[in-house]
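Trainee: Everything below, folded, please.
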Amino acid sequence: MASPSFPLPLAAILCIYIVLPISAELQRFQHHQKHDGSLIFLVVGDWGRKGQYNQSLIAAQMGKMGDKLDIDFVVSTGDNFYNSGIKDVNDPLFRLSFSNIYTAKSLRKQWYSVLGNHDYRGNALAQISPLLRKIDRRWFCQRTFILNAGVAEFFFIDTTPFISDYFNDPIHHYDWRGLFPRQKYLKNLLKDLEKALMQSTARWKIVVGHHAIRSIGHHGDSPELVKHLVPILKANNVDMYINGHDHCLQHISSRDSPLLYLTSGAGSKAWRGDVKENHSDLVKFFYDGQGFMSVQMNETLTNIAFYNVFGENIHQWRVAKSMLHSSI
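Mentor: Numbers count the residues shown, from 1 in each chain. Have a look, this model is predicted:
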């Protein structure tokens with residue numbers, strides 16, 4: 001099982017999370033690809049419900065597909081633990097919603113995760129603490145980081161602090177420790193992301209965040225991300241933006257660039273039942289039910305597929321570098 005190569009000892013990383021604001025240049029980690037240069041991974045989001053709402057069924061199908069495809073790792077798009085993240089590093093919810101659910105041998109690979117808005121309602125510092133790796137070594141979660149995986153480079157970003165509504169929420173408490181002053185935090189994040197994307201020489205560039213940029217699902221577009229992220233992603237030839245937040249599966253193509261907006265936030269509770277109309281980009285697929293996504297990549301071709309709770313392939317397409325756009 002491949003593991004990320006950490007540039008700092010465990011104690012040093014823990015100190016950074018607890019003491020310092022998260023405003024330094026993005027940390028980089030390495031995940032070694034297969035000998036043939038290919039890269040295969042699954043994507044799931046919005047899942048942590050102690051197996052309920054078909055989470056266990058999705059986990060079982062992920063295990064089967066992970067074995068069939070021989071995946072390298074799993075990407076989690078956030079909202080990892082409902083309803084309000086975890087309380088501390090010893091919270092039994094971590095085992096009940098993660099370790100005890102994703103038990104298939106094929107899923108005993110590294111999980112790379114970002115925080116969602118529900119995770120921020122709990123102890124966000126606990127969820128990004130490396131101490132959780134002592135409980136389950138698969139777990140790796142930070143606010144923002146870069147993962148070099150050979151043929152592809154992943155830019156995991158912290159989208160929750162962009163959403164203004166959370167800072168005016170009179171009902172829920174959010175763990176904003178280390179994020180103030182907010183505008184400085186966001187400015188540094190965008191600056192570091194743009195610099196990293198400009199310097200990247202990866203064949204495929206993938207940005208991962210919790211909130212959707214484009215969506216026709218329950219939550220819809222995130223205006224803050226449309227404003228601040230889209231220009232950076234398009235200017236730096238990002239191939240795809242992968243997110244959760246909306247509990248559905250979506251494939252949306254940009255009208256004026258090769259950028260794909262891919263939602264995989266259907267790891268447990270779904271079936272919202274509402275769809276927004278008049279979308280500005282091209283909606284290729286929308287499924288308002290539970291499921292997950294697979295991505296298979298090499299130097300010239302990427303194959304992407306969505307699966308439902310029965311493990312059925314309900315949508316697939318490919319992206320060729322020479323073509324720049326996807327073909328169904």
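
Trainee: From now on I want contacts and neighbour counts done on CA atoms only, so please keep to that.
Mentor: Noted.

Trainee: quick one: average pLDDT of the longest helix seen in the chain?
Mentor: Looking across the chain with DSSP state H, the single longest helix is helix 182-199. Taken as a whole, helix 182-199 has a mean pLDDT of 97.

Trainee: Give me the buried positions along that helix.
Mentor: Using 16 or more other CA atoms under 10 Å as the test for burial, helix 182-199 gives 185-186, 188-190, 192-194, 196-197.

Trainee: Closest to Leu229 out of those?
Mentor: Leu190 (7.8 Å; CA to CA).

Trainee: wait, what's in contact with the residue lying closest to Arg182 once chain neighbours are set aside?
Mentor: Of all residues not flanking Arg182 in the chain, Pro161 sits nearest, at 7.4 Å (CA to CA, 6 or more residues apart in numbering). Pro161 is in contact with 179, 182, 186, counting by CA atoms under 8 Å, 6 or more residues apart in numbering.

Trainee: same question, Glu25
Mentor: Applying CA under 8 Å, 6+ apart, the residues near Glu25 are Asp192.

Trainee: Please tell me how far it sits from Leu233.
Mentor: Here Glu25 is placed at a distance of 18 Å from Leu233 (CA to CA, to the nearest Å).

Trainee: Tell me how far the longest helix of the chain lies from the chain's centre.
Mentor: 18 Å (CA atoms, centre = their mean, to the nearest Å).

Trainee: Just after that helix, pick out the following helix or strand.
Mentor: Remark: after helix 182-199, the chain's next helix or strand is strand 204-208, criterion DSSP states H and E.

Trainee: Do a quick rundown of the helices in this protein.
Mentor: 10-19, 55-69, 93-94, 117-120, 124-127, 132-135, 182-199, 223-228, 230-235.

Trainee: Please tell me the pLDDT value assigned to the most centrally placed residue in the chain.
Mentor: Per CA atoms, centre = their mean, the C-alpha nearest to the average position across the chain is that of Thr77, at 2.7 Å. If you check Thr77, the pLDDT there is 98.

Trainee: which residue sits closest to it, ignoring its sequence neighbours?
Mentor: Counting by CA to CA, 6+ apart, Thr77 lies nearest to Gly45, which is 4.6 Å off, once chain neighbours are set aside.

Trainee: from what I can see that neighbour touches His245, true?
Mentor: Yes - taking CA atoms under 8 Å as the definition, Gly45 is a contact partner of His245 at 7.4 Å.

Trainee: Please report how far Asn123 lies from Lys50.
Mentor: Distance from Asn123 to Lys50, by CA to CA: 18 Å.

Trainee: who's in contact with the residue nearest to Thr77?
Mentor: Gly45 sits in contact with 76-80, 243-245, 264-267, 292, where contact means CA under 8 Å, 6+ apart.

Trainee: want to throw the residues you listed into TSV with distance to Ile314?
Mentor: Formatted as TSV, these follow (distance: CA to CA, whole Å):
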residue	distance to Ile314
Ser76	20
Thr77	20
Gly78	23
Asp79	24
Asn80	24
Asn243	19
Gly244	18
His245	20
Ser264	13
Gly265	15
Ala266	14
Gly267	15
Phe292	10
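
Trainee: just to revisit the earlier point, just send the buried residues of helix 182-199 back as JSON lines, with distance to Phe156 too.
Mentor: Compiled in JSON lines, the buried residues of helix 182-199 are given as follows (distance: CA to CA, whole Å):
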{"residue": "Tyr185", "distance to Phe156": "15"}
{"residue": "Leu186", "distance to Phe156": "14"}
{"residue": "Asn188", "distance to Phe156": "15"}
{"residue": "Leu189", "distance to Phe156": "11"}
{"residue": "Leu190", "distance to Phe156": "12"}
{"residue": "Asp192", "distance to Phe156": "12"}
{"residue": "Leu193", "distance to Phe156": "9"}
{"residue": "Glu194", "distance to Phe156": "13"}
{"residue": "Ala196", "distance to Phe156": "11"}
{"residue": "Leu197", "distance to Phe156": "12"}
